[in-house]
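1. Provided below are the primary sequence and the corresponding predicted coordinates.
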Amino acid sequence: MKKTVHLVVNGEPWELDVAPNDVLIEVLRDRIGVKSPKIGCERGDCGSCTVLLDGRSVRSCLVLAIEADGHAITTVEGLAAPGHLTPVQQAFVDSSAFQCGFCAPGMVLSVHELLGHEPNPTRAQVEHAIAGNLCRCTGYHPIVDAVMTAVAAGAAERAIRDGTLAAVGARAGHADDGAEVQA
Ligand code: FES
Ligand code: FES
């Protein structure tokens with residue numbers, strides 16, 4: 001028997017009738033038309049289906065649509081105003097951090113979640129944040145490099161605004177520490 005659910009997707013309210021076994025990623029892609037979450041492994045391993053559920057990253061291949069009833073879902077389409085990119089998205093574009101881009105939406109959302117509670121993360125924290133997002137082609141160094149570029153730019157902006165520019169240099173040294181991301 002179908003059930004009516006209410007979702008808010010990228011700020012837009014939706015009312016949909018779903019079956020008990022309808023998975024969130026299928027509803028997002030096939031019913032709502034949001035195509036950025038990608039169907040990869042369909043078992044929670046690859047992170048390509050990552051979305052934010054009330055601000056927390058989840059694998060939408062493991063979430064039933066009825067479990068998302070009443071919740072807000074954000075995908076990369078909803079991170080910035082139409083026609084604009086977040087600083088991290090812009091850094092990814094500027095540095096050509098991705099090749100095929102299949103992993104990119106999930107990576108962006110995982111980083112976005114991290115920056116929501118840690119705006120000045122270390123390289124190791126960025127690597128940890130995307131550890132569940134698998135990339136099959138570019139590798140992880142350019143991706144982490146791009147995030148750190150955006151982080152450094154954001155820190156510099158804040159320092160200029162707050163008059164604490166000296167702190168940025170100290171932080172930049174800290175940000176270059178950390179282990180390499182494992183494939
Ligand atoms: S498709 Fe959901 S984790 Fe791979
Ligand atoms: S750029 Fe192709 S999977 Fe990451």
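-> Yep, that arrived. Ligands and ions are numbered 1, 2, ... in the order given.
2. chain center to the biggest helix by length in the chain: distance?
-> For the chain, the helix with the greatest residue count under DSSP state H is helix 141-162. Averaging C-alpha positions (C-alpha atoms, centre = their mean, to the nearest Å) puts helix 141-162 17 Å from its chain's average.
3. what does stretch 138-148 give?
-> 14 Å.
4. ditto for stretch 111-129
-> 11 Å.
5. for stretch 2-12, same thing?
-> Taking mean C-alpha positions (C-alpha atoms, centre = their mean), stretch 2-12 and its chain are 20 Å apart.
6. domain map for the protein?
-> Domain assignment for the chain by automatic domain parsing gives 3-78, 87-175.
7. quick one: is the shortest one near ligand 2?
-> No: Domain 3-78 stays clear of ligand 2 (C-beta under 6 Å from any ligand atom), getting no nearer than 7.8 Å. Bear in mind the C-beta positions are built from the backbone N, C-alpha and C, glycine included.
8. can you tell me how far residue 156 is from residue 124?
-> Distance of residue 156 to residue 124, computed by C-beta to C-beta, to the nearest Å: 21 Å.
9. same check, this time on residue 140
-> Relative to residue 124, and taking C-beta to C-beta, residue 140 is found at 12 Å.
10. circling back to that earlier point, least confident of the domains of the chain, on average?
-> Among those, domain 87-175 has the lowest mean pLDDT, at a mean of 88.
11. and that domain, how far out from the chain middle?
-> Worked out by C-alpha atoms, centre = their mean, domain 87-175 lies 11 Å from the chain centre.
12. touching ligand 1 at all, it?
-> No: against ligand 1, domain 87-175 shows no contacts by C-beta under 6 Å from any ligand atom, the least distance being 8.0 Å.
13. anything in that domain near ligand 2?
-> Yes: using C-beta under 6 Å from any ligand atom, we find that domain 87-175 touches ligand 2 at 98-103, 135-138.
14. put together JSON lines for the domains of the chain, with mean neighbour count on each row.
-> Output for the domains of the chain, formatted as JSON lines (neighbours: other C-beta atoms under 10 Å):
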{"stretch": "domain 3-78", "mean neighbour count": "18"}
{"stretch": "domain 87-175", "mean neighbour count": "17"}
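15. what about the residue nearest the centre of the chain, distance to residue 95?
-> Closest residue to the average C-alpha location of the chain: residue 109 at 0.7 Å, with C-alpha atoms, centre = their mean. Residue 109 is 18 Å from residue 95, where distance means C-beta to C-beta.
16. also residue 148?
-> Distance, residue 148 to residue 95, using C-beta to C-beta: 10 Å.
17. need the contact list for residue 40.
-> Applying C-beta atoms under 8 Å, 6 or more residues apart in numbering, we find residue 40 in contact with 46-49, 61, 102, 134.
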